[in-house]
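>>> got a sequence here, can you build the structure:
(one chain, ligands or ions: 3)
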Amino acid sequence: MLDADFFRRWMLAAAASVDREAERLTALDSPIGDADHGTNLQRGFAAIREALEKEPPATPGAVLTQSGRLLISKVGGASGPLYGTLLRRTGKALGDAAEVSEEQLADALRAAVDAVRQLGGAAPGDKTMVDALVPAVDALGDSFAAARRAAEEGAVATTPLQARKGRASYLGERSIGHQDPGATSSALLIAALAETAEA
Ligand code: ADP
Ligand code: MG
Ligand code: MG
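Ligands and ions are numbered 1, 2, ... in the order given. Below is the predicted model:
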């Protein structure tokens, strides 16, 4: 079973990973965006870290809803509301249980990815974070490691795609040949989950 501390450690691992990879995320957002994805997420996850270090919420659901709210208020842009929705909807689905099963987490994440798809209107193949998140939640029934692999493969597979959503879509065919920054950060988030589960 996964308790509030597991979710706290997941968010802290994600924050550390975003810090390590911020420059790369911003560099990916440079040719097909506005070169702010790394700094956007760094700002959001710094706020999450600060809140968790001050007073960690008592339940898995509360850790994720608080984190999602902070991403919405601090990140802005396209990715803030989308990642905020991902975490908030996952947290909401977990309710106020003190512990949740891996299966409950997988179900909650699947529902949250559907909410992200609905909010952003992106389908798989549109060259967005959805291209990493959908294969990740599809593989989550097997293992966290499989989800991590699926997310990383999904992110890499965005390179040859033409963007159909978000800023990168303004470039039309010129968006081809670049890996999507949001799919890349989604793979980091899922990798942080897998690392937390393995620790
Ligand atoms: P902005 O484009 O507002 O500067 P970011 O740079 O933080 O925001 O995030 C860009 C990422 O957001 C993209 O790489 C893409 O993965 C994701 N994204 C943008 N629009 C959408 C959308 N409509 N649906 C899903 N993901 C999206
Ligand atoms: Mg950007
Ligand atoms: Mg921006």
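>>> show the pLDDT at the residue nearest to residue 10 when sequence neighbours are not counted.
Of all residues not flanking residue 10 in the chain, residue 196 sits nearest, at 4.4 Å (CB to CB, 6 or more residues apart in numbering). Glycine gets a C-beta too; all of them are placed from N, C-alpha and C. Note on residue 196: pLDDT of 98.
>>> go on, residue 76?
On pLDDT, residue 76 comes in at 88.
>>> my read: residue 78 touches residue 169, true?
No. Using CB atoms under 8 Å, residue 78 is not in contact with residue 169, being 10.8 Å away.
>>> between the two, which one's more packed in?
Set residue 78 next to residue 169 and count neighbours by other CB atoms under 10 Å: residue 78 wins out with 20 against 16.
>>> that one: what's it in contact with?
120, 166, 167, 182 (CB atoms under 8 Å, 6 or more residues apart in numbering).
>>> and with 6 Å instead?
Shown in contact with residue 78 (CB atoms under 6 Å, 6 or more residues apart in numbering): residue 166.
>>> so which residues of this structure form helices?
Ranges of helices in the chain, per DSSP state H, are 4-28, 37-54, 60-75, 79-94, 102-120, 130-139, 144-156, 181-198.
>>> any part of the shortest one near ligand 1?
Yes. Counting by CB under 6 Å from any ligand atom, ligand 1 has neighbours in helix 130-139: residue 130.
>>> packing partners for that helix?
helix 102-120, helix 144-156, helix 181-198 (3 or more CB pairs under 6 Å, 6 or more residues apart in numbering; DSSP states H and E).
>>> any idea of the mean pLDDT for it?
Averaged across helix 130-139, the pLDDT comes to 98.
>>> most remote residue from this protein's center?
Among the C-alpha atoms of the chain, the one most distant from their mean position (CA atoms, centre = their mean) is that of residue 173, at 26.0 Å.
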